[in-house]
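Trainee: my questions concern the predicted model and sequence given below.
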Amino acid sequence: MKQLNPFLEISPSVNEALQNGQPVVALESTIISHGMPYPDNVQTALLVERTVRENGALPATIAIIGGKLKVGLSESEIEFLGKAGREAAKVSRRDAPFLLSSGRPGATTVASTMIIAEMAGIHIFATGGIGGVHRGAAETMDISADLQELARTSVAVVCAGAKSILDLGLTLEYLETHGVPVIGYQTDEFPAFYTRHSGHGVDYRLDSPGEIAKVLKIKWLAGLAGGVVIANPIPEAHEPMAAPIQAATEAALAEALRHGIRGKESTPFLLGKIKELTGGESLRANIELVLNNARLAAKLAVELCAADQF
């Protein structure tokens, strides 16, 4: 295992699993503090952890608490973040040193979760959807830090594509420019978060966790640093109808524009508005797709550990 830095605190169970070469899956904490209200957020986080365990891996939820980069939260720490809600800062790479310095709690985004996971030696991460290029970015330059982190940090991110509020075409172009492969799991099409179809293709289709694990192992053994997007569509049984989701998305985007909401505040605002406009259907879909990603990530972590260690 890598030499640990003084700010990195790995739970005993996660540390033991990593030392023994056992499968571990990283999980973000923004979904707890910023993704949904209490107590739904805590219940969902614990359900995601249980799903990872049921599929053969150990969950490691990540956050910044008490001036430490915490890898593997206790149930009480998850409860703390759930109750804190948006009082816990939304943390990306730029924010981490300020949270460590102040001791203020921080919920990790895709980008910061990847960073801390790689520090700990975890290479598989399950989330809902990655950030990306926002609509109108040609004028606003509003591009998620997740994309830069995918280009530099050697962690595979299992997701239901990019959030549907984004410009998916430009997001894929950005990933291509920065050499980030996009793998479709049992699909030729990049999913659009709540829905299985976007009209955009993936770079490569692979149909089993074993195939994906082999590619990841070879990529990193060959010295090709950087992340991988593993696009895992929401199960058909839980996919909401596309038209209402699209209408709610357009309405939410228009309202955000009227109120001048941009940057890291835009995603929670838009997802919350879409939830309101769909009568909660989008939230139900969000939970199901996260659970689906947790299942695949756990199976992938198992396969990666079964291969020769890298």
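Mentor: Good, I have the coordinates. These figures come from a predicted structure and were not determined experimentally.

Trainee: pass me the low-pLDDT residue ranges in the protein, would you?
Mentor: Applying pLDDT under 70 to the chain picks out residues 1-4, 263-264, 308-310.

Trainee: list the contacts of Thr140.
Mentor: Going by Cβ atoms under 8 Å, 6 or more residues apart in numbering, Thr140 touches His134, Arg262. Where C-beta positions appear, they are placed from N, C-alpha and C, glycine not excepted.

Trainee: what's it sitting at in phi/psi?
Mentor: phi -90, psi -20 (degrees, to the nearest 10).

Trainee: gap between it and Ala256?
Mentor: 11 Å (Cβ to Cβ, to the nearest Å).

Trainee: between these two, which contacts overlap?
Mentor: Arg262.

Trainee: residues of the lengthiest helix in the chain that come out buried?
Mentor: Criterion DSSP state H: the longest helix present in the chain is helix 281-306. By neighbour count on 16 or more other Cβ atoms under 10 Å, the buried set for helix 281-306 is 281-283, 285-305.

Trainee: quick one: list the elements packing against that helix.
Mentor: Applying 3 or more Cβ pairs under 8 Å, 6 or more residues apart in numbering; DSSP states H and E, we find helix 281-306 packed against strand 24-27, helix 40-54, strand 124-126, strand 156-159, helix 209-221, helix 242-259, helix 266-277.

Trainee: now the last one: buried residues?
Mentor: With burial defined by 16+ other Cβ under 10 Å, the residues of helix 266-277 counted as buried are Ser266, Thr267, Pro268, Phe269, Leu270, Leu271, Gly272, Lys273, Ile274, Lys275, Leu277.

Trainee: and the second one, by the same measure?
Mentor: By neighbour count with 16+ other Cβ under 10 Å, helix 40-54 contains the buried residues Asn41, Val42, Thr44, Ala45, Leu46, Val48, Glu49, Thr51, Val52.

Trainee: wait, isn't the fourth one in contact with Glu77?
Mentor: In other words, Ala45. No. Taking Cβ atoms under 8 Å as the definition, Ala45 is not a contact partner of Glu77, at 10.3 Å.

Trainee: switch the buried residues of helix 266-277 over to a markdown table; also include distance to Leu147.
Mentor: Shown next, in a markdown table, are those (distance: Cβ to Cβ, whole Å):
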| residue | distance to Leu147 |
| --- | --- |
| Ser266 | 15 |
| Thr267 | 14 |
| Pro268 | 19 |
| Phe269 | 20 |
| Leu270 | 18 |
| Leu271 | 18 |
| Gly272 | 23 |
| Lys273 | 23 |
| Ile274 | 22 |
| Lys275 | 25 |
| Leu277 | 27 |
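
Trainee: and which of those is nearest Glu149?
Mentor: Nearest to Glu149 among these, counting by Cβ to Cβ, is Thr267 at 15.5 Å.

Trainee: which strands border the longest strand along the chain, and is each parallel or antiparallel?
Mentor: Criterion DSSP state E: the longest strand present in the chain is strand 58-65. Applying DSSP bridges, strand 58-65 is found paired with strand 24-27 (parallel), strand 68-71 (antiparallel), strand 106-108 (antiparallel).

Trainee: turn those strands into JSON lines, columns for distance to Tyr194 and mean neighbour count.
Mentor: Output for these, formatted as JSON lines (distance: least, Cβ to Cβ, whole Å; neighbours: other Cβ atoms under 10 Å):
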{"stretch": "strand 24-27", "distance to Tyr194": "20", "mean neighbour count": "30"}
{"stretch": "strand 68-71", "distance to Tyr194": "30", "mean neighbour count": "24"}
{"stretch": "strand 106-108", "distance to Tyr194": "22", "mean neighbour count": "29"}
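
Trainee: of all the ones you listed, which lies closest to Ile124?
Mentor: Closest to Ile124 of the strands paired with strand 58-65, according to Cβ to Cβ: strand 24-27, at 5.3 Å.

Trainee: and that closest one, C-alpha only, in CSV?
Mentor: Only the C-alpha atoms of strand 24-27 are listed here, as CSV (Å, rounded to 0.1, in the frame of the first residue of the first chain):
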residue,chain,number,x,y,z
VAL,A,24,-13.0,-2.2,-1.9
VAL,A,25,-15.3,0.3,-3.5
ALA,A,26,-15.1,4.0,-2.9
LEU,A,27,-18.3,6.0,-2.5
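
Trainee: okay then, goodbye and thanks.
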